[in-house]
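Asks: Sequence unavailable; structure follows:
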């Protein structure tokens, strides 16, 4: 392995942090600071593209690994690596961050330098979460995301920002403490924090006392991730955090931070405790479905657009969890794909909302109406992104939801039927909101002379719109990376489920033909 | 005839004493109204010389003075901790004394003498000498607590600390006497041999009495009642000093008494004290509005976490406790250095409201304080994170599941009140009228030392942790 392949993950992960450190030395000239932050995030994006470029798709295990001892007692390693699942989450993160810098160009007033430092530190921590293969290192990065995010919400947010920031912080902090307890237990009984080694030891039955403790360990990890996802009924921090957060904060929160939860469920809960996952799949799926339907229904009646979009996250991530806990190839593939989709489309929705907030300083639906007349470009972008979020065929959301529903039908038909209604609800709340905000006559004179999107705003939206389209038309570009790793992750699940549903398998093949495999 | 090497084995203490006496001699020569900064520099040189002496000691492991003092990794580790704390305290006192118009040279001498006592506490292996060490450090600290002569609460602080402190040391002495009665020796390691067979009731009683005395010194509940008042009244740098260095030294003594002496019957005593300290400390801190008082309660809670590591001994618990003591001392003394700076003349600005908007008024100071607070919460990239991690990992390895859960819940509660300070500094809109002076060089150096140490322990804890592990091995050998 050459030098770059060997160190690329470290480079990608710590580039933003290095940028943040340099930024502390910068003079307080906002313009330079913004350009510098943009440059750093773009360089990080370019560096991260090395990963899919040189990724060996024929191999399911971890790649670009780096494994050196960090601390000798306890035995903690600096172990990084990506597989097909985490690979795209890394790229999603580096892809969204330059856009976050762009969207914050004019909306952050005061303490601009600190804002971009926090964003860059947050980027490093998030990337670390996705590439860490040592449980301790994972926890280290996981906790490190807390303070920057809480500060971004609490310092740069809107009216009730303090309440939202403290709530976000305490929810996540308290929940992740259970994960800490679980991973210390694993260390105490295996002598290592290494994900791969622990997974091996559990599969070979070499962990003393594992049978008795497995249930609690599973729950310890589960609580930490479920809060982050967020899964009903632990989701209440999310709408508050979103509504109060500045736009870039919302984009990162919805786009990346929530994925840390679903990624954790897939990597650690399913990866380490397959039997417990199977035993608990039923109630988790039910919670996910409650999230899908409940989140959608609550979203429908929100008078605040941002809160509405926040609740759609509860609904969409319910799909992801349902897909993961279907334990079918297509369901989990779809779940991973949907994580990316949600990052793209919800990230874009929050950016769009931020643009209107910059102009009107409100998110209330009743304040708007007929916006399509003064802002045609804005309305077009909004329509496009909204349709991708609803799941219109040929856009990205459709592929993910279709695959997840397919997996859910294979796992249990009732789940599939219930979850499928979520697609309908999504159409209801988004289209209804669209109608009230963009169509009809302009009722509020304040909306009459709103300026349409300027070049900077268009530049920040185009990449997302393009991604939504390409991901909807040629999902195979992504799925061919994801599938081998997913099937590897699922190899410990008996194939009984898939065999028992021949009809569904048939549908899978049909879909595979449609999406070109 | 006492061999020369014996003097090397108490060299750090000797150096400090010499410099302390030097300060006392120079003080009357200086004009009465001068700033006495020169004395501070002498003290600084003294501490640095003592650090060098400690480093020099690493080549001279062994006992001295007929088995009263022992130089080993354990004693050297704690020497470094208390000396670093003293260094930070002296550096942050330059500005403080000037702002408060305290013109007393003996302040610096007292800091040095207190440090002598603590150095002795960590290297003494003989109960009477340990007692003398405790007294030397305590008496100096009683006086230091009363240095804001014009403030009533400072006098109250000093008097309270003195009365309750003497009471507590009496308990310790009583325990020593009983131990001597039961075993016929006061040497820790010979007591260990004597009580290894069949400890009598008196031994249990002696251990309990000694624990009461030391529990007071480390501010562990239920012996914590003095803490909030004393910490609030004492000058802020002194509070930083006495919430860290004497605590670390007293924990060193407690480690010696419990584990080197192999005292019986300590487990439930420690267990209960740990649970009560964590809970009282954290719940008490939740409602505080005065930052010094808040940190006082938090220091009670931290004593509780440390006791969790004690309960997890002897596997990895001892090294976890040693590491915790070091990282707690460094982050807390840093936090207090900043609190002292912000307090202003007459310590007027010490409430949470005075910290409102600090993030905008002086971003540097606010961000430094944030680092210390993050470390006190126990969030990664800081020493506090690893310290807490080792403590709870040790507890789980010893199968103390209940204690771990209580501790973990407590540290989640603690996050709330530390976060409150951050909220006030950054997130509130209104501004307080408190004026923040720019940071002078001495304080800057003090804070830099503690920030660098805190982050170093959070990113590369390997070396210090290895030191802690070797210290633990030396202790129970």
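Replies: Done, it's in. Values in this document were obtained by computation on a predicted structure and should not be read as measured data. Residues are numbered from 1 along each chain as shown, chains lettered A, B, ... in the order given.

Asks: The stretch 401-517 of chain A: strands as residue ranges?
Replies: Applying DSSP state E, counting those that start in this stretch to the stretch 401-517 of chain A gives no strands.

Asks: and the residue of it found nearest chain B, how many neighbours?
Replies: Minimum separation of the stretch 401-517 of chain A from chain B (C-beta to the nearest C-beta) falls at residue A:446, amounting to 24.8 Å. Quick note: C-beta positions are derived from backbone N, CA and C, even for glycine. Neighbours of residue A:446 under the rule other C-beta atoms under 10 Å in any protein chain shown: 12.

Asks: same question, the one 10 residues further on
Replies: Burial of residue A:456, expressed as a neighbour count using other C-beta under 10 Å, amounts to 12.

Asks: Is it in contact with residue A:105, as I believe?
Replies: Yes. Between residue A:456 and residue A:105 there is a contact under C-beta atoms under 8 Å: 5.9 Å.

Asks: just to revisit the earlier point, quick check: closest non-adjacent residue to the residue of the stretch 401-517 of chain A closest to chain B.
Replies: Closest residue to residue A:446 apart from its sequence neighbours, by C-beta to C-beta, 6 or more residues apart in numbering or on different chains: residue A:360 at 6.6 Å.

Asks: and the gap between that neighbour and chain B?
Replies: 21 Å (C-beta to the nearest C-beta, to the nearest Å).

Asks: circling back: overlap of the contact sets of residue A:456 and residue A:105?
Replies: Common contacts of residue A:456 and residue A:105 (C-beta atoms under 8 Å, 6 or more residues apart in numbering or on different chains): none found.

Asks: Just the pLDDT at the residue of the stretch 201-350 of chain A at minimum distance from chain B, thanks.
Replies: The nearest approach of the stretch 201-350 of chain A to chain B comes at residue A:216, 9.8 Å away (C-beta to the nearest C-beta). The model reports residue A:216 with a pLDDT of 88.

Asks: how about the nearest residue to it, chain neighbours excluded?
Replies: residue A:182 is the one closest to residue A:216 (C-beta to C-beta, 6+ apart), at 7.3 Å.

Asks: and the helix or strand hosting the one you found, average pLDDT?
Replies: Under the criterion of DSSP states H and E, residue A:182 resides in helix A:161-190. The average of the pLDDT scores along helix A:161-190 is 86.

Asks: Same question for stretch B:46-58.
Replies: For stretch B:46-58, the per-residue pLDDT averages 93.

Asks: tell me which residues in that stretch are buried?
Replies: B:46-47, B:49-51, B:53-54, B:57 (16 or more other C-beta atoms under 10 Å in any protein chain shown).

Asks: separation between residue A:459 and residue A:453?
Replies: 10 Å (C-beta to C-beta, to the nearest Å).

Asks: ok, now residue A:471?
Replies: 23 Å.

Asks: and those two? which has more neighbours close in?
Replies: Taking neighbours as other C-beta under 10 Å, residue A:471 and residue A:453 compare with residue A:471 leading, 24 against 18.

Asks: quick one: contacts for the more buried one?
Replies: With C-beta under 8 Å, 6+ apart, residue A:471 has these contacts: A:337, A:340-341, A:344, A:395-396, A:399, A:477-478.

Asks: Same question for residue B:349.
Replies: Counting by C-beta under 8 Å, 6+ apart, residue B:349 has contacts B:342-343, B:432, B:434.

Asks: And the helix holding residue A:182, how far out from the chain middle?
Replies: Computed by C-alpha atoms, centre = their mean, to the nearest Å, the chain-centroid distance of helix A:161-190 equals 19 Å.

Asks: which other helices and strands contact that helix?
Replies: Under the contact criterion of 3 or more C-beta pairs under 8 Å, 6 or more residues apart in numbering or on different chains; DSSP states H and E, helix A:161-190 touches helix A:135-144, helix A:146-156, helix A:195-203, helix A:210-228, helix A:237-244, helix B:383-397, helix B:401-422.

Asks: Quick one: closest of those to residue B:281.
Replies: The closest of these to residue B:281 is helix B:401-422. By C-beta to C-beta, the value is 8.1 Å.

Asks: near chain A, anything from the very next helix or strand once past that closest one?
Replies: Note on helix B:401-422: by DSSP H and E, the next helix or strand toward the C-terminus is helix B:441-459. No. Counting by C-beta under 8 Å from any C-beta of the partner chain, chain A has no neighbours in helix B:441-459; the shortest distance is 9.2 Å.

Asks: thinking again about what came up before, pretty sure the residue nearest to residue A:216 sits against residue A:221.
Replies: Yes. Using C-beta under 8 Å, residue A:182 is in contact with residue A:221, at 5.5 Å.

Asks: gap between the closest residue to chain A within the stretch 151-300 of chain B and residue B:414?
Replies: Residue of the stretch 151-300 of chain B nearest chain A, by C-beta to the nearest C-beta: residue B:286 (12.5 Å). Per C-beta to C-beta, residue B:286 is found 9 Å from residue B:414.

Asks: what about these two, which has more around it?
Replies: residue B:414 (25 against 13).

Asks: Low-confidence regions, the stretch 1-150 of chain A specifically.
Replies: A:1 (pLDDT under 70).

Asks: what sits against whichever residue of the stretch 51-200 of chain B sits closest to chain A?
Replies: Residue nearest to chain A within the stretch 51-200 of chain B: residue B:73 (14.7 Å; C-beta to the nearest C-beta). The contact partners of residue B:73, by C-beta under 8 Å, 6+ apart, come to B:61, B:467, B:470-471, B:473-474.

Asks: just the buried members of the residues you listed?
Replies: Buried by 16+ other C-beta under 10 Å: B:467, B:470-471, B:474, out of the contacts of residue B:73.
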